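Asks: This is a predicted model, with the sequence first.
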Amino acid sequence: MKQSYIFLIVCTVVISQQALAEVRCNLAPTAKITGITDNGTYRSGVTVQLSGATSTPNNCSGSITQYRWRVYIPGIGWSTLYTGPSSTYMYTFETSPTVYQGSVKVELQVRNNASPNKYDIEEFDITVTRPQRVYHLKDHLGNVRTSVDTDGDVVGYDDYYPFGLPMPGRSSNTGSNPNDDYKFTGYELDEVAGTDLKMYHANARGYDPILGRFGQIDPLSDQFPALSPYHYTHNNPLNMIDPTGMFSTLVEENEDGTYSVIEGGDPNDGDNGIYVGSLDGERIGESVTSHSFYDDNGNAVEGAVIDLNSTEGQDFLDTKILDENLSLDEYMLKARSGKELDFKDEGLSDRDPGSSRLQHRTRGSVLKGGKIASARDVGNMAAGFVARSRGLSWGVARLGFDGYERLSKFTFKPESVTTQKAQRVGWGSKKAVEIANRNLKNIKTIKQYRH
């Protein structure tokens, strides 16, 4: 009898081990998503590699036979991205152009080769964001004071004391750009953690808004011996800015409301501002290039008149250049001195008797967007525009312009910096790029049709 009990116990153990083995061989796999983070945030347009490589089969033969990736988008439902033996899938998060933040679910289902095969699912919740369009509203000094979204809701604001110190409790940009460090007149603000110290990076100088003084000497201090060489805007911060410590063009106001150029600074100092009288005068605008009111030798064209009520340059571009389908050869013939597209010499014979040819060619008018261009600028911008709209790269256009200069003037020199800068503005204009792209598309269409 005892031997019979032992036999039954052994049989039971063997059967139990076999049953346990069968159970172990038929366990469901474990799905595991990597490549993204659960409850993570990703920007629209970002492509990620979804991976299920770390999923485990959990059965005796140890293999996963199928991976299935799906996404759930609210309002659309579930969409299957992939079903097959590969553990990875490249996926791009997207939101509608009108949606700045949305949510999706990413699901991985894995199956093993148990009989019958079993599966497991893991699911991640993902937030997808799209950068929001923000409009920055500036004051008369160029300070961004308020930022609003497309609904007109305020998402950021900054208030300053006169010399640029941010007012406590009256500055917040977390809604528009939490990394917004560019503050007063566009200077970058550097704050020392744990202290009240603040310093603006004003190009090559440091500016202290608490003291209202620069940390370095004004590069033009010798012109103002009565003032501290560390002063800021002649102690007139409500009406003036000092972006570089230099200036581009000084003018004086005439009786008829126009302005005449009286002096030039360094055209390469990075400041294209036009100031009345001196650096402590009113800033009436910004020239379209750093050399707009300079001659070929880098000297200011004194006596050139700027009329802020004139749009003759923009009118010429709109009616005779932008709306005309000019070939480059046709433009070059019509833009020669005295011809119909030679804008700089328009009205030359009717100019004021006291005005020189160079002063007439450097007369200033206002373009779209508010920048001020000389008549010479306008003509050179037209040349650059036509070159780009005809599909010429800047390098090829440059060779053509310089070649024409050498042939027409019997010189080995290229065109002046004053000319080149204005041509580059026209060549890089949005309208010129649009026409060039449209013409290129038409050419490709014709070639395809011929084939």
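Replies: Perfect, I can see it now.
Asks: Hmm, residue 150 is touching residue 133, no?
Replies: Yes - when contacts are counted by C-beta atoms under 8 Å, residue 150 is listed as touching residue 133 (5.4 Å). Bear in mind the C-beta positions are built from the backbone N, C-alpha and C, glycine included.
Asks: Looking at the most centrally placed residue in the chain now. What's its pLDDT?
Replies: For the chain, residue 133 is the residue whose C-alpha lies nearest the centre (C-alpha atoms, centre = their mean; 12.5 Å). According to the prediction, residue 133 has pLDDT 77.
Asks: what's near enough to touch it?
Replies: 149-150 (C-beta atoms under 8 Å, 6 or more residues apart in numbering).
Asks: Residue 336 contacts residue 342, correct?
Replies: Yes - under the criterion of C-beta under 8 Å, residue 336 lies in contact with residue 342, with a separation of 6.5 Å.
Asks: any idea which helix or strand comes after the worst-scoring helix or strand of the chain on mean pLDDT?
Replies: Sorting the helices and strands of the chain by mean pLDDT, DSSP states H and E puts helix 2-24 at the bottom, at a mean of 47. Once helix 2-24 ends, the next helix or strand along the chain (criterion: DSSP states H and E) is strand 41-43.
Asks: buried stuff in that following strand?
Replies: Residues residue 42 are the ones in strand 41-43 that count as buried (16 or more other C-beta atoms under 10 Å).
Asks: circling back: compare residue 336 and residue 342 (neighbour count), which wins?
Replies: A side-by-side neighbour count of residue 336 and residue 342, using other C-beta atoms under 10 Å, places residue 342 first with 17 against 13.
Asks: Pull the contacting residues for the more buried one.
Replies: When contacts are counted by C-beta under 8 Å, 6+ apart, residue 342 is found next to 335-336, 379.
Asks: So which of the residues you listed are in helices?
Replies: Per DSSP state H, helices hold the following members of the contacts of residue 342: residue 379.
Asks: Residue 251: which of the contacts of residue 342 is nearest?
Replies: Distance ranking of the contacts of residue 342 against residue 251, using C-beta to C-beta, places residue 379 first at 21.7 Å.
Asks: Count the neighbours of that closest one for me.
Replies: The local packing of residue 379 (other C-beta under 10 Å) involves 26 other residues.
Asks: Just the strands from the stretch 301-450 of the chain, written as ranges.
Replies: Under the criterion DSSP state E, counting those that start in this stretch, the stretch 301-450 of the chain carries strands at the ranges 305-306, 364-366, 372-374.
Asks: chain center to the last one: distance?
Replies: Same thing as strand 372-374. Distance of strand 372-374 from the chain centroid (C-alpha atoms, centre = their mean, to the nearest Å) equals 24 Å.
Asks: ditto for stretch 326-344
Replies: For stretch 326-344, the distance between its averaged C-alpha position and the chain's averaged C-alpha position is 34 Å (C-alpha atoms, centre = their mean).
Asks: Likewise for stretch 107-118?
Replies: From the chain centre to the centre of stretch 107-118 is a distance of 49 Å (C-alpha atoms, centre = their mean).
Asks: same question, stretch 380-393
Replies: The chain centroid and the centroid of stretch 380-393 are separated by 23 Å, computed with C-alpha atoms, centre = their mean.
Asks: which residues sit against that stretch?
Replies: Outside stretch 380-393, the residues touching it (C-beta under 8 Å, 6+ apart) are 288, 316-317, 320-322, 326-328, 331, 335, 341, 343, 373, 394, 397, 400-401, 419-420, 422-429, 431-433, 435-436, 439-440.
Asks: Please repeat the previous calculation with a cut-off of 7 Å.
Replies: Residues lying outside stretch 380-393 but in contact with it, judged by C-beta atoms under 7 Å, 6 or more residues apart in numbering, are 317, 321, 326-328, 331, 335, 343, 397, 401, 419, 422-427, 429, 432-433, 435-436, 439-440.
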